[in-house]
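Colleague: Model the structure of this input:
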Amino acid sequence: MSETNPDAPILLWFRRDLRLGDHPMIAEAVRTGRVLIPVFLHEEVVEGLGAAPKWRLGEAVGAFAARIGTVGSRLVLRRGRALPSLRALLAETGARDVWWSRAYDPESKARDTEIKAALKAEGFGARSFPGHLLFEPWEVATGQGEPYKVYSPYWRAVKGREVPAPEPAPRELRAPEAWLASDRLDDWAMGQAMRRGASVLQKHAGVGEEVALQRLATFMRHRVGDYASRRDFPAAEATSGLSENLTYGEIGPRTVWHAGRRAFEEGARGAEHFLKELVWREFAWHLMHHFPQMARDNWRPDWNGFPWRADNEDAERWRRGMTGEPFVDAAMREMYVTGRMHNRARMIVASYLTKHLLTDWRVGLAWFEDCLTDWDPASNAMGWQWVAGSGPDAAPYFRIFNPETQAEKFDPDHVYRRAFIAEGQKDPPGTALDFFAACPESWALAPDQRYPRRLVELSEGRARALAAYDALRREAAAAN
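Modeller: Sure, this is the predicted structure:
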(Lines give C-alpha, C1' and ligand atoms only; values in the text may rest on other atoms or scores of the structure.)
Protein backbone atom coordinates (compact mmCIF):
# COMPACT_ATOMS: atom_id res chain seq x y z
CA MET A 1 0.00 0.00 0.00
CA SER A 2 0.96 3.62 -0.40
CA GLU A 3 3.07 5.09 2.36
CA THR A 4 0.99 8.26 2.25
CA ASN A 5 -2.67 7.52 1.57
CA PRO A 6 -4.08 3.98 1.40
CA ASP A 7 -7.38 5.36 0.07
CA ALA A 8 -5.82 7.02 -2.99
CA PRO A 9 -6.21 5.41 -6.43
CA ILE A 10 -3.61 3.07 -7.85
CA LEU A 11 -2.24 3.54 -11.36
CA LEU A 12 -2.00 0.13 -13.03
CA TRP A 13 0.56 0.50 -15.78
CA PHE A 14 0.01 -2.24 -18.36
CA ARG A 15 2.74 -3.27 -20.77
CA ARG A 16 3.10 -6.88 -22.01
CA ASP A 17 0.40 -8.18 -19.67
CA LEU A 18 -2.78 -7.34 -21.61
CA ARG A 19 -5.25 -9.71 -19.95
CA LEU A 20 -7.53 -9.87 -16.92
CA GLY A 21 -7.15 -13.49 -15.79
CA ASP A 22 -4.00 -15.11 -14.40
CA HIS A 23 -2.75 -11.63 -13.54
CA PRO A 24 -1.02 -11.27 -10.14
CA MET A 25 -1.04 -7.47 -10.26
CA ILE A 26 -4.75 -7.23 -10.99
CA ALA A 27 -5.64 -9.82 -8.37
CA GLU A 28 -3.70 -7.95 -5.68
CA ALA A 29 -5.10 -4.59 -6.80
CA VAL A 30 -8.68 -5.82 -6.56
CA ARG A 31 -8.04 -7.13 -3.06
CA THR A 32 -7.11 -3.63 -1.89
CA GLY A 33 -10.61 -2.38 -2.64
CA ARG A 34 -9.15 0.86 -4.00
CA VAL A 35 -9.96 2.83 -7.12
CA LEU A 36 -7.92 1.47 -10.02
CA ILE A 37 -6.86 3.47 -13.05
CA PRO A 38 -5.49 1.25 -15.86
CA VAL A 39 -3.07 2.99 -18.22
CA PHE A 40 -1.02 2.07 -21.26
CA LEU A 41 1.87 4.28 -22.34
CA HIS A 42 3.32 4.62 -25.82
CA GLU A 43 6.75 5.26 -24.31
CA GLU A 44 10.39 4.85 -25.27
CA VAL A 45 10.46 1.04 -25.31
CA VAL A 46 7.30 0.87 -27.42
CA GLU A 47 8.71 3.53 -29.73
CA GLY A 48 11.72 1.34 -30.45
CA LEU A 49 9.76 -1.71 -31.61
CA GLY A 50 10.04 -3.06 -35.13
CA ALA A 51 7.24 -2.64 -37.65
CA ALA A 52 5.32 -5.89 -37.16
CA PRO A 53 5.67 -6.11 -33.35
CA LYS A 54 4.51 -2.51 -32.96
CA TRP A 55 1.50 -3.12 -35.20
CA ARG A 56 0.60 -6.29 -33.29
CA LEU A 57 1.02 -4.54 -29.93
CA GLY A 58 -1.43 -1.88 -31.12
CA GLU A 59 -3.94 -4.62 -31.92
CA ALA A 60 -3.40 -6.11 -28.47
CA VAL A 61 -3.96 -2.75 -26.78
CA GLY A 62 -7.20 -2.25 -28.68
CA ALA A 63 -8.48 -5.69 -27.71
CA PHE A 64 -7.53 -5.18 -24.08
CA ALA A 65 -9.24 -1.80 -23.97
CA ALA A 66 -12.46 -3.50 -25.08
CA ARG A 67 -11.95 -6.36 -22.63
CA ILE A 68 -11.34 -4.09 -19.66
CA GLY A 69 -14.54 -2.25 -20.51
CA THR A 70 -16.49 -5.42 -19.71
CA VAL A 71 -15.52 -5.10 -16.03
CA GLY A 72 -16.57 -1.49 -15.65
CA SER A 73 -13.23 0.12 -16.31
CA ARG A 74 -11.30 1.92 -19.06
CA LEU A 75 -7.77 1.87 -20.41
CA VAL A 76 -6.25 5.35 -20.39
CA LEU A 77 -3.78 5.92 -23.22
CA ARG A 78 -0.92 8.43 -23.14
CA ARG A 79 2.06 8.99 -25.39
CA GLY A 80 5.44 10.21 -24.19
CA ARG A 81 8.42 9.10 -22.15
CA ALA A 82 7.36 6.86 -19.31
CA LEU A 83 8.54 8.77 -16.24
CA PRO A 84 7.10 12.20 -17.20
CA SER A 85 3.88 10.53 -18.33
CA LEU A 86 3.46 8.73 -15.02
CA ARG A 87 4.21 11.90 -13.06
CA ALA A 88 1.50 13.71 -15.03
CA LEU A 89 -1.01 10.92 -14.40
CA LEU A 90 -0.24 10.91 -10.67
CA ALA A 91 -0.84 14.65 -10.54
CA GLU A 92 -4.09 14.43 -12.52
CA THR A 93 -5.59 11.55 -10.55
CA GLY A 94 -4.31 12.03 -7.02
CA ALA A 95 -2.95 8.49 -7.13
CA ARG A 96 -0.03 7.74 -4.83
CA ASP A 97 1.05 4.37 -6.24
CA VAL A 98 2.12 2.97 -9.59
CA TRP A 99 2.08 -0.78 -10.12
CA TRP A 100 3.30 -2.81 -13.09
CA SER A 101 4.20 -6.33 -14.16
CA ARG A 102 7.91 -7.01 -14.51
CA ALA A 103 9.82 -7.07 -17.77
CA TYR A 104 13.25 -8.63 -18.14
CA ASP A 105 14.84 -7.29 -21.33
CA PRO A 106 17.69 -4.80 -20.80
CA GLU A 107 15.82 -1.74 -22.12
CA SER A 108 12.73 -2.34 -20.00
CA LYS A 109 14.76 -3.13 -16.89
CA ALA A 110 16.72 0.10 -17.23
CA ARG A 111 13.51 2.08 -17.70
CA ASP A 112 11.79 0.44 -14.73
CA THR A 113 14.76 0.81 -12.41
CA GLU A 114 14.95 4.53 -13.13
CA ILE A 115 11.21 4.99 -12.64
CA LYS A 116 11.00 3.05 -9.39
CA ALA A 117 13.89 5.00 -7.86
CA ALA A 118 12.53 8.36 -9.00
CA LEU A 119 8.96 7.76 -7.81
CA LYS A 120 10.04 6.46 -4.43
CA ALA A 121 12.35 9.44 -3.98
CA GLU A 122 9.34 11.68 -4.62
CA GLY A 123 7.23 9.91 -1.98
CA PHE A 124 5.16 7.71 -4.25
CA GLY A 125 4.72 3.96 -4.04
CA ALA A 126 6.16 1.93 -6.94
CA ARG A 127 5.66 -1.82 -7.01
CA SER A 128 6.38 -4.51 -9.60
CA PHE A 129 4.75 -7.93 -9.92
CA PRO A 130 5.46 -11.28 -11.55
CA GLY A 131 3.21 -12.51 -14.34
CA HIS A 132 5.20 -12.72 -17.57
CA LEU A 133 7.06 -15.89 -16.52
CA LEU A 134 6.44 -19.01 -14.49
CA PHE A 135 9.56 -18.49 -12.39
CA GLU A 136 11.38 -15.29 -11.56
CA PRO A 137 14.88 -15.60 -13.07
CA TRP A 138 16.66 -15.00 -9.77
CA GLU A 139 14.66 -17.75 -8.05
CA VAL A 140 16.14 -20.60 -10.09
CA ALA A 141 19.82 -21.36 -9.45
CA THR A 142 22.31 -24.20 -9.46
CA GLY A 143 23.51 -25.85 -6.27
CA GLN A 144 26.35 -23.32 -6.27
CA GLY A 145 23.91 -20.42 -6.46
CA GLU A 146 24.76 -19.64 -10.08
CA PRO A 147 22.34 -19.15 -12.99
CA TYR A 148 21.84 -22.11 -15.28
CA LYS A 149 23.57 -21.97 -18.66
CA VAL A 150 22.34 -25.27 -20.11
CA TYR A 151 18.71 -26.10 -20.77
CA SER A 152 18.50 -29.76 -19.69
CA PRO A 153 19.52 -29.20 -16.04
CA TYR A 154 17.32 -26.09 -15.98
CA TRP A 155 14.33 -28.22 -17.04
CA ARG A 156 15.12 -30.81 -14.40
CA ALA A 157 15.35 -28.06 -11.77
CA VAL A 158 11.94 -26.55 -12.52
CA LYS A 159 9.73 -29.35 -13.86
CA GLY A 160 8.65 -30.42 -10.37
CA ARG A 161 8.36 -26.95 -8.88
CA GLU A 162 5.00 -25.75 -7.69
CA VAL A 163 3.41 -23.22 -10.01
CA PRO A 164 0.61 -21.23 -8.34
CA ALA A 165 -2.82 -21.77 -9.82
CA PRO A 166 -3.95 -18.86 -12.01
CA GLU A 167 -6.49 -16.56 -10.43
CA PRO A 168 -9.66 -15.90 -12.43
CA ALA A 169 -10.42 -12.62 -14.11
CA PRO A 170 -12.16 -10.11 -11.81
CA ARG A 171 -15.82 -9.36 -12.34
CA GLU A 172 -15.26 -5.67 -11.70
CA LEU A 173 -12.48 -3.11 -11.35
CA ARG A 174 -13.38 -0.21 -9.09
CA ALA A 175 -13.53 2.88 -11.29
CA PRO A 176 -12.95 6.56 -10.44
CA GLU A 177 -15.91 8.92 -10.29
CA ALA A 178 -14.68 10.68 -13.43
CA TRP A 179 -12.29 9.47 -16.10
CA LEU A 180 -9.35 11.56 -17.21
CA ALA A 181 -8.52 12.38 -20.81
CA SER A 182 -7.09 9.63 -22.99
CA ASP A 183 -5.38 9.54 -26.37
CA ARG A 184 -7.10 7.79 -29.27
CA LEU A 185 -5.34 4.57 -30.22
CA ASP A 186 -5.82 5.26 -33.93
CA ASP A 187 -3.93 8.53 -33.57
CA TRP A 188 -0.82 6.60 -32.55
CA ALA A 189 -0.71 4.93 -36.00
CA MET A 190 1.15 1.93 -34.60
CA GLY A 191 0.88 0.12 -37.93
CA GLN A 192 2.27 2.97 -40.01
CA ALA A 193 5.58 1.26 -40.74
CA MET A 194 3.70 -1.80 -42.01
CA ARG A 195 2.23 0.14 -44.92
CA ARG A 196 0.18 -2.21 -47.09
CA GLY A 197 1.34 -5.30 -45.18
CA ALA A 198 -0.88 -4.66 -42.16
CA SER A 199 -4.06 -5.81 -43.92
CA VAL A 200 -2.34 -9.07 -44.83
CA LEU A 201 -1.10 -9.73 -41.30
CA GLN A 202 -4.57 -8.98 -39.97
CA LYS A 203 -5.86 -12.17 -41.59
CA HIS A 204 -3.57 -14.32 -39.48
CA ALA A 205 -3.45 -12.57 -36.10
CA GLY A 206 -5.27 -14.11 -33.16
CA VAL A 207 -5.69 -11.06 -30.95
CA GLY A 208 -6.86 -10.80 -27.36
CA GLU A 209 -7.40 -12.81 -24.22
CA GLU A 210 -10.55 -14.58 -25.33
CA VAL A 211 -8.95 -15.75 -28.59
CA ALA A 212 -5.88 -16.94 -26.68
CA LEU A 213 -7.94 -18.98 -24.23
CA GLN A 214 -9.87 -20.54 -27.10
CA ARG A 215 -6.60 -21.41 -28.86
CA LEU A 216 -5.36 -23.13 -25.72
CA ALA A 217 -8.59 -25.09 -25.34
CA THR A 218 -8.50 -26.20 -28.99
CA PHE A 219 -4.89 -27.31 -28.72
CA MET A 220 -5.50 -29.29 -25.55
CA ARG A 221 -8.62 -30.90 -26.96
CA HIS A 222 -7.34 -31.84 -30.42
CA ARG A 223 -3.56 -31.51 -30.83
CA VAL A 224 -1.56 -32.01 -27.66
CA GLY A 225 -1.59 -35.80 -27.95
CA ASP A 226 0.31 -35.74 -31.26
CA TYR A 227 2.37 -32.66 -30.50
CA ALA A 228 5.72 -34.42 -30.08
CA SER A 229 5.39 -36.41 -33.32
CA ARG A 230 3.85 -33.72 -35.55
CA ARG A 231 5.23 -30.42 -34.30
CA ASP A 232 8.16 -30.37 -36.75
CA PHE A 233 5.95 -30.49 -39.84
CA PRO A 234 5.26 -26.87 -40.78
CA ALA A 235 2.22 -27.65 -42.93
CA ALA A 236 0.50 -29.52 -40.09
CA GLU A 237 -1.73 -27.66 -37.65
CA ALA A 238 0.09 -29.25 -34.76
CA THR A 239 1.21 -26.38 -32.53
CA SER A 240 -0.71 -24.22 -30.08
CA GLY A 241 -0.29 -20.90 -31.93
CA LEU A 242 0.10 -19.21 -28.54
CA SER A 243 3.46 -17.56 -29.13
CA GLU A 244 1.98 -14.19 -30.10
CA ASN A 245 -0.46 -14.27 -27.19
CA LEU A 246 2.28 -15.05 -24.67
CA THR A 247 4.41 -12.27 -26.15
CA TYR A 248 1.81 -9.60 -25.40
CA GLY A 249 0.54 -11.20 -22.21
CA GLU A 250 -2.87 -11.99 -23.67
CA ILE A 251 -2.63 -15.30 -21.85
CA GLY A 252 -0.70 -16.04 -18.68
CA PRO A 253 2.02 -18.71 -18.57
CA ARG A 254 0.49 -20.23 -15.45
CA THR A 255 -2.72 -20.85 -17.35
CA VAL A 256 -0.78 -22.59 -20.12
CA TRP A 257 1.35 -24.58 -17.69
CA HIS A 258 -1.57 -25.95 -15.69
CA ALA A 259 -3.46 -26.90 -18.85
CA GLY A 260 -0.38 -28.80 -20.03
CA ARG A 261 0.06 -30.48 -16.65
CA ARG A 262 -3.56 -31.65 -16.67
CA ALA A 263 -3.09 -33.09 -20.14
CA PHE A 264 0.11 -34.82 -19.02
CA GLU A 265 -1.57 -36.33 -15.96
CA GLU A 266 -4.41 -37.53 -18.16
CA GLY A 267 -1.93 -39.37 -20.38
CA ALA A 268 -1.65 -37.08 -23.41
CA ARG A 269 1.49 -38.28 -25.19
CA GLY A 270 2.75 -34.89 -26.34
CA ALA A 271 2.01 -32.93 -23.16
CA GLU A 272 5.45 -33.21 -21.58
CA HIS A 273 7.11 -32.05 -24.78
CA PHE A 274 4.76 -29.09 -24.86
CA LEU A 275 5.69 -28.21 -21.28
CA LYS A 276 9.37 -28.41 -22.21
CA GLU A 277 8.80 -25.87 -24.97
CA LEU A 278 7.11 -23.54 -22.50
CA VAL A 279 10.11 -23.91 -20.21
CA TRP A 280 12.46 -23.23 -23.16
CA ARG A 281 10.85 -19.78 -23.23
CA GLU A 282 11.54 -19.48 -19.48
CA PHE A 283 15.15 -20.51 -20.00
CA ALA A 284 15.64 -17.81 -22.63
CA TRP A 285 14.41 -15.14 -20.21
CA HIS A 286 16.48 -16.66 -17.39
CA LEU A 287 19.57 -16.17 -19.55
CA MET A 288 18.66 -12.69 -20.74
CA HIS A 289 18.08 -11.50 -17.19
CA HIS A 290 21.46 -12.78 -15.99
CA PHE A 291 23.39 -12.14 -19.21
CA PRO A 292 21.76 -9.16 -20.95
CA GLN A 293 24.63 -8.90 -23.43
CA MET A 294 23.15 -11.99 -25.11
CA ALA A 295 20.78 -9.69 -26.99
CA ARG A 296 23.54 -8.17 -29.13
CA ASP A 297 26.92 -9.83 -28.43
CA ASN A 298 28.32 -13.30 -29.04
CA TRP A 299 27.73 -15.32 -25.88
CA ARG A 300 31.11 -16.98 -26.44
CA PRO A 301 33.80 -14.30 -26.84
CA ASP A 302 35.97 -16.62 -28.96
CA TRP A 303 33.35 -16.26 -31.69
CA ASN A 304 34.17 -12.57 -32.03
CA GLY A 305 36.86 -13.59 -34.49
CA PHE A 306 34.59 -15.68 -36.71
CA PRO A 307 34.59 -14.33 -40.30
CA TRP A 308 30.87 -13.73 -40.59
CA ARG A 309 29.96 -11.22 -43.25
CA ALA A 310 28.13 -8.03 -42.38
CA ASP A 311 24.91 -7.27 -44.24
CA ASN A 312 25.27 -8.10 -47.94
CA GLU A 313 23.40 -8.69 -51.19
CA ASP A 314 22.92 -12.40 -50.44
CA ALA A 315 21.32 -11.50 -47.10
CA GLU A 316 18.97 -9.14 -48.93
CA ARG A 317 17.91 -12.03 -51.19
CA TRP A 318 17.35 -14.05 -48.01
CA ARG A 319 15.20 -11.29 -46.51
CA ARG A 320 13.07 -11.17 -49.66
CA GLY A 321 12.53 -14.93 -49.80
CA MET A 322 14.40 -15.11 -53.10
CA THR A 323 17.35 -17.40 -52.34
CA GLY A 324 16.28 -20.10 -54.78
CA GLU A 325 16.07 -22.55 -51.88
CA PRO A 326 12.33 -23.37 -51.70
CA PHE A 327 12.12 -24.35 -48.01
CA VAL A 328 14.06 -21.25 -46.97
CA ASP A 329 12.04 -18.95 -49.21
CA ALA A 330 8.72 -20.44 -48.10
CA ALA A 331 9.64 -19.78 -44.48
CA MET A 332 10.73 -16.21 -45.11
CA ARG A 333 7.53 -15.52 -46.99
CA GLU A 334 5.46 -17.20 -44.29
CA MET A 335 6.85 -14.65 -41.85
CA TYR A 336 6.03 -11.77 -44.18
CA VAL A 337 2.47 -13.00 -44.75
CA THR A 338 1.51 -14.25 -41.29
CA GLY A 339 3.93 -12.47 -38.95
CA ARG A 340 5.07 -15.82 -37.61
CA MET A 341 7.33 -18.65 -38.74
CA HIS A 342 7.21 -22.31 -37.83
CA ASN A 343 9.94 -23.26 -35.36
CA ARG A 344 11.52 -25.92 -37.59
CA ALA A 345 11.62 -23.40 -40.41
CA ARG A 346 13.26 -20.80 -38.10
CA MET A 347 16.16 -23.16 -37.48
CA ILE A 348 16.58 -23.85 -41.18
CA VAL A 349 16.55 -20.21 -42.32
CA ALA A 350 18.91 -19.22 -39.49
CA SER A 351 21.32 -22.00 -40.36
CA TYR A 352 21.19 -21.08 -44.05
CA LEU A 353 21.98 -17.42 -43.35
CA THR A 354 24.76 -17.95 -40.82
CA LYS A 355 26.36 -20.98 -42.44
CA HIS A 356 25.57 -21.35 -46.14
CA LEU A 357 25.72 -17.56 -46.56
CA LEU A 358 28.27 -16.94 -43.76
CA THR A 359 26.32 -13.89 -42.61
CA ASP A 360 26.36 -12.55 -39.05
CA TRP A 361 23.48 -13.83 -36.93
CA ARG A 362 22.67 -10.26 -35.89
CA VAL A 363 21.58 -9.50 -39.46
CA GLY A 364 18.94 -12.20 -39.15
CA LEU A 365 18.02 -11.24 -35.60
CA ALA A 366 17.30 -7.67 -36.73
CA TRP A 367 15.06 -8.84 -39.58
CA PHE A 368 13.05 -11.10 -37.28
CA GLU A 369 12.83 -8.21 -34.81
CA ASP A 370 11.15 -6.15 -37.51
CA CYS A 371 8.91 -8.82 -39.05
CA LEU A 372 7.65 -11.16 -36.31
CA THR A 373 4.35 -10.43 -34.63
CA ASP A 374 5.34 -12.92 -31.93
CA TRP A 375 8.75 -11.31 -31.50
CA ASP A 376 10.21 -12.16 -28.11
CA PRO A 377 13.59 -10.55 -27.45
CA ALA A 378 14.93 -13.40 -25.31
CA SER A 379 13.79 -16.29 -27.50
CA ASN A 380 14.87 -14.45 -30.65
CA ALA A 381 18.40 -13.81 -29.36
CA MET A 382 18.86 -17.27 -27.89
CA GLY A 383 17.45 -18.96 -30.98
CA TRP A 384 19.77 -17.14 -33.36
CA GLN A 385 22.86 -17.75 -31.24
CA TRP A 386 21.87 -21.39 -30.69
CA VAL A 387 21.76 -22.07 -34.42
CA ALA A 388 24.80 -19.94 -35.23
CA GLY A 389 26.91 -21.81 -32.67
CA SER A 390 27.96 -18.73 -30.72
CA GLY A 391 25.39 -18.96 -27.94
CA PRO A 392 24.68 -20.74 -24.67
CA ASP A 393 23.94 -24.45 -24.95
CA ALA A 394 24.32 -23.98 -28.70
CA ALA A 395 24.10 -26.52 -31.46
CA PRO A 396 27.59 -27.43 -32.71
CA TYR A 397 28.58 -25.20 -35.61
CA PHE A 398 29.15 -28.22 -37.81
CA ARG A 399 25.45 -29.07 -37.47
CA ILE A 400 24.43 -27.43 -40.72
CA PHE A 401 20.82 -27.88 -41.73
CA ASN A 402 20.43 -28.95 -45.35
CA PRO A 403 17.25 -27.20 -46.56
CA GLU A 404 16.72 -29.78 -49.28
CA THR A 405 16.84 -32.85 -47.06
CA GLN A 406 14.90 -31.02 -44.34
CA ALA A 407 12.16 -30.33 -46.89
CA GLU A 408 12.08 -33.98 -47.94
CA LYS A 409 11.67 -35.03 -44.32
CA PHE A 410 9.30 -32.39 -42.97
CA ASP A 411 7.44 -31.26 -46.10
CA PRO A 412 7.39 -34.45 -48.19
CA ASP A 413 4.23 -33.52 -50.09
CA HIS A 414 5.36 -29.94 -50.80
CA VAL A 415 2.29 -28.58 -48.99
CA TYR A 416 4.22 -25.95 -47.03
CA ARG A 417 6.28 -24.80 -49.98
CA ARG A 418 3.25 -24.53 -52.26
CA ALA A 419 1.42 -22.55 -49.57
CA PHE A 420 3.94 -19.69 -49.77
CA ILE A 421 5.71 -19.89 -53.15
CA ALA A 422 3.52 -18.81 -56.05
CA GLU A 423 6.04 -18.97 -58.88
CA GLY A 424 5.50 -21.96 -61.12
CA GLN A 425 2.00 -22.73 -59.84
CA LYS A 426 -0.92 -22.47 -62.25
CA ASP A 427 -3.34 -21.53 -59.48
CA PRO A 428 -1.33 -20.46 -56.40
CA PRO A 429 -3.14 -20.22 -53.06
CA GLY A 430 -3.99 -16.93 -51.38
CA THR A 431 -1.17 -17.24 -48.87
CA ALA A 432 1.39 -17.40 -51.69
CA LEU A 433 -0.15 -14.43 -53.51
CA ASP A 434 -0.41 -12.43 -50.30
CA PHE A 435 3.37 -12.26 -50.11
CA PHE A 436 3.38 -10.08 -53.21
CA ALA A 437 0.53 -7.99 -51.83
CA ALA A 438 2.45 -7.37 -48.60
CA CYS A 439 6.05 -6.89 -49.68
CA PRO A 440 7.36 -3.41 -50.57
CA GLU A 441 6.62 -2.24 -54.10
CA SER A 442 10.29 -1.28 -54.38
CA TRP A 443 11.16 -5.00 -54.42
CA ALA A 444 9.41 -5.23 -57.81
CA LEU A 445 8.32 -8.83 -57.26
CA ALA A 446 5.41 -10.55 -59.01
CA PRO A 447 3.98 -14.09 -58.82
CA ASP A 448 4.37 -14.67 -62.56
CA GLN A 449 8.12 -14.10 -62.45
CA ARG A 450 10.52 -17.03 -62.82
CA TYR A 451 11.60 -18.54 -59.52
CA PRO A 452 15.26 -17.59 -58.85
CA ARG A 453 18.24 -19.88 -59.17
CA ARG A 454 20.09 -20.97 -56.05
CA LEU A 455 22.35 -18.40 -54.46
CA VAL A 456 24.83 -21.10 -53.53
CA GLU A 457 25.08 -24.83 -54.05
CA LEU A 458 24.38 -26.46 -50.71
CA SER A 459 27.51 -28.61 -50.70
CA GLU A 460 29.64 -25.57 -51.56
CA GLY A 461 28.08 -23.48 -48.80
CA ARG A 462 28.54 -26.26 -46.27
CA ALA A 463 32.20 -26.72 -47.19
CA ARG A 464 32.86 -22.98 -46.93
CA ALA A 465 31.22 -22.81 -43.50
CA LEU A 466 33.19 -25.76 -42.16
CA ALA A 467 36.43 -24.30 -43.46
CA ALA A 468 35.73 -21.04 -41.65
CA TYR A 469 34.97 -22.95 -38.45
CA ASP A 470 38.17 -24.99 -38.71
CA ALA A 471 40.16 -21.78 -39.17
CA LEU A 472 38.58 -20.32 -36.02
CA ARG A 473 39.49 -23.41 -34.03
CA ARG A 474 43.07 -23.36 -35.29
CA GLU A 475 43.45 -19.70 -34.32
CA ALA A 476 42.06 -20.45 -30.87
CA ALA A 477 44.45 -23.37 -30.43
CA ALA A 478 47.41 -21.27 -31.54
CA ALA A 479 46.46 -18.50 -29.10
CA ASN A 480 46.43 -20.98 -26.24
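Colleague: can you tell me which residues contact the residue most central in space within the chain?
Modeller: When C-alpha atoms, centre = their mean is applied to the chain, the residue found nearest the centroid is D376 (2.3 Å). By C-beta atoms under 8 Å, 6 or more residues apart in numbering, D376 lies in contact with S243, L246, T247, R281, A284. Where you see a C-beta, it was placed from the backbone N, CA and C, and this is true even at glycine.
Colleague: which stretches of this structure have low pLDDT?
Modeller: Scanning the chain with the threshold set as pLDDT under 70 gives 1-5, 394-395, 480.
Colleague: what lines up beside the top strand by length along it in the sheet?
Modeller: Counting residues, the longest strand found in the chain (DSSP state E) is strand 36-42. Sheet pairing of strand 36-42 (DSSP bridges) gives strand 10-14 (parallel), strand 76-79 (parallel).
Colleague: And the next helix or strand past it?
Modeller: Later in the chain than strand 36-42, the nearest helix or strand by DSSP states H and E is helix 44-47.
Colleague: List the buried residues of that next one.
Modeller: Within helix 44-47, the residues scored as buried using 16 or more other C-beta atoms under 10 Å are V45, V46.
Colleague: Against which helices or strands is it packed?
Modeller: Helices and strands touching helix 44-47, as assessed by 3 or more C-beta pairs under 8 Å, 6 or more residues apart in numbering; DSSP states H and E, comprise helix 106-121.
Colleague: follow-up on the earlier one: now do the residue nearest to the centre of the chain against P53, distance only.
Modeller: 9 Å (C-beta to C-beta, to the nearest Å).
Colleague: can you check T239 too?
Modeller: 20 Å.
Colleague: So which of those two has more stuff around it?
Modeller: P53 (26 against 21; other C-beta atoms under 10 Å).
Colleague: what about that one, helix or strand, and which?
Modeller: helix 51-69.
Colleague: Please state the backbone phi and psi of the residue lying closest to Q449 once chain neighbours are set aside?
Modeller: Nearest residue to Q449 in three dimensions, chain neighbours excluded: E423, at 6.2 Å (C-beta to C-beta, 6 or more residues apart in numbering). In terms of degrees, to the nearest 10, the main-chain angles of E423 are phi -60, psi 130.
Colleague: L445 is in contact with E423, correct?
Modeller: No - counting by C-beta atoms under 8 Å, E423 does not reach L445; the two are 9.5 Å apart.
Colleague: Give me the contact list for the longest helix belonging to the chain.
Modeller: As assigned by DSSP state H, the longest helix anywhere in the chain is helix 458-479. Residues outside helix 458-479 that contact it (C-beta under 8 Å, 6+ apart) are 302-303, 305-307, 325, 352, 355-358, 389, 397-398, 400, 402-404.
Colleague: Can you give the distance of it from its chain's centre?
Modeller: Relative to the centre of its chain, helix 458-479 is centred 32 Å away, using C-alpha atoms, centre = their mean, to the nearest Å.
Colleague: Same question for stretch 235-254.
Modeller: Centroid separation for stretch 235-254 versus its chain: 10 Å, with C-alpha atoms, centre = their mean.
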